[in-house]
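Predicted model and sequence follow; I will ask about them next.
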Amino acid sequence: MLRFLIVLCLSGVILQAQDGAGVPERVPYTNTRSADGFDMPVGKPDAEGYYRSRGLIVGRHLGDDWNGNGMGNSDLGAPVYSTAHGLVVYARNARMGWGNTVIIRHVFWEGFRWNYVDSLYAHLHQVFVREGQQVRRGQCVGSIGTNFGMYTAHLHFEIRKNLRIGINQGSYRKDLGNYHRPYDFILGHRKVSGGNRPVKVPKDTFRLQAQSVDEMRPGRIPAPREKPTPKRGDFKVNRYSSPLR
Ligand SMILES: [Zn+2]
């Protein structure tokens, strides 16, 4: 019996090490609930009333910008929803180009194995969750903001393959090896099998998470380059702009 348990434990360790790219080895695991699907982070579940002013541009802009159809700051304070069930692994004012930022870690079943992604919600006006909190798909985690007046109100939303990134974007390749195209990822995962099960998820994967942002030396982390939100006219030629159905 003892021998069987030892084999079982060892196989568990090996399985964890083999799980998805971007999962650091030798980090503690904790519990969460597997995703049963992914929804849009605004106008839930289909982003009704919102449009994307920018999509992912490799090397430059690593997620989607969501704006309210009313344009300007009409969406200031509007609810931002967790794209799926998961665990809040970051909920702080990251300052610089990010502002109030929430990162949620998700586990989903695909390709006969558990996969992990982090969803990131930045420039928030308010944050309604805390680190370590379990959230459900569609749960309000914050509200749309301007990053303290730096931008016209919008949601910057990312889905990362690499669980190490956190707000330390400058240390990792800004490509599709580390990031999903959020809009396409969600459309391809509106419903996933194996959802609503208790599963293990790695935690403490951000190198800079242990430090509070105030302790970081200025200039140590390059601020993400953000351009002001384009006007509505620019958006119309964006191939990502077709309204969701
Ligand atoms: Zn953005």
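It's in.

Around the closest residue to the ion within the chain, count how many other residues there are.
Taking C-beta to the ion as the measure, the point where the chain comes nearest the ion is residue 156, at 3.5 Å. No exception for glycine: its C-beta is placed from N, CA and C like everyone else's. For residue 156, the number of neighbouring residues by other C-beta atoms under 10 Å comes to 26.

do you know how far it is from residue 197?
31 Å (C-beta to C-beta, to the nearest Å).

repeat for residue 181
In this structure, residue 181 lies at 27 Å from residue 197, with C-beta to C-beta as the measure.

ok, those two, which is more surrounded?
Regarding residue 181 and residue 197, a neighbour count based on other C-beta under 10 Å identifies residue 181 as having more, with 19 against 14.

The more buried one reaches residue 57, doesn't it?
No - applying C-beta atoms under 8 Å, one finds residue 181 not in contact with residue 57, separated by 10.0 Å.

Where do the helices of this protein begin and end?
In chain order, the chain shows helices spanning 2-18, 182-187, 232-235, with DSSP state H as the criterion.

Which residues of this structure lie near the ion?
65, 156 (C-beta under 5 Å from the ion).

where's the residue sitting nearest the centre point of the chain relative to residue 161, distance?
Central residue check for the chain by C-alpha atoms, centre = their mean: the C-alpha nearest the mean position is that of residue 119, 1.2 Å away. Remark: distance between residue 119 and residue 161 (C-beta to C-beta) = 12 Å.

Identify the contacts common to those two.
With contacts taken as C-beta atoms under 8 Å, 6 or more residues apart in numbering, not a single residue reaches both residue 119 and residue 161.

Can you pull out the low-pLDDT segments for the protein?
For the chain, applying pLDDT under 70 flags the ranges 1-25, 208-245.

hmm, 50 instead?
1-2, 4-20, 210-245 (pLDDT under 50).

residue ranges of the strands in this protein, please?
Applying DSSP state E to the chain gives strands spanning 29-33, 50-54, 64-68, 79-81, 86-93, 100-110, 113-124, 126-127, 134-135, 140-143, 155-160, 179-180, 198-202.

Now the second one - C-alpha only, PDB.
In this case it means strand 50-54. This file holds the C-alpha atoms of strand 50-54, laid out as PDB (Å, rounded to 0.1, in the frame of the first residue of the first chain):
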ATOM      1  CA  TYR A  50     -19.100  47.500 -26.600                       C
ATOM      2  CA  TYR A  51     -16.600  47.500 -29.400                       C
ATOM      3  CA  ARG A  52     -12.900  46.700 -29.700                       C
ATOM      4  CA  SER A  53     -10.800  49.700 -30.600                       C
ATOM      5  CA  ARG A  54      -7.600  47.700 -30.700                       C
END
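
buried ones in it?
Neighbour-count burial for strand 50-54 flags 50-54 (criterion: 16 or more other C-beta atoms under 10 Å).

and the nearest residue to residue 39 once chain neighbours are set aside, how many neighbours?
Ranked by C-beta to C-beta, 6 or more residues apart in numbering and with sequence neighbours excluded, the top spatial neighbour of residue 39 is residue 45, at 3.8 Å. Applying other C-beta under 10 Å, we find 17 residues neighbouring residue 45.

Before I go, just wanted to say thanks for your time.
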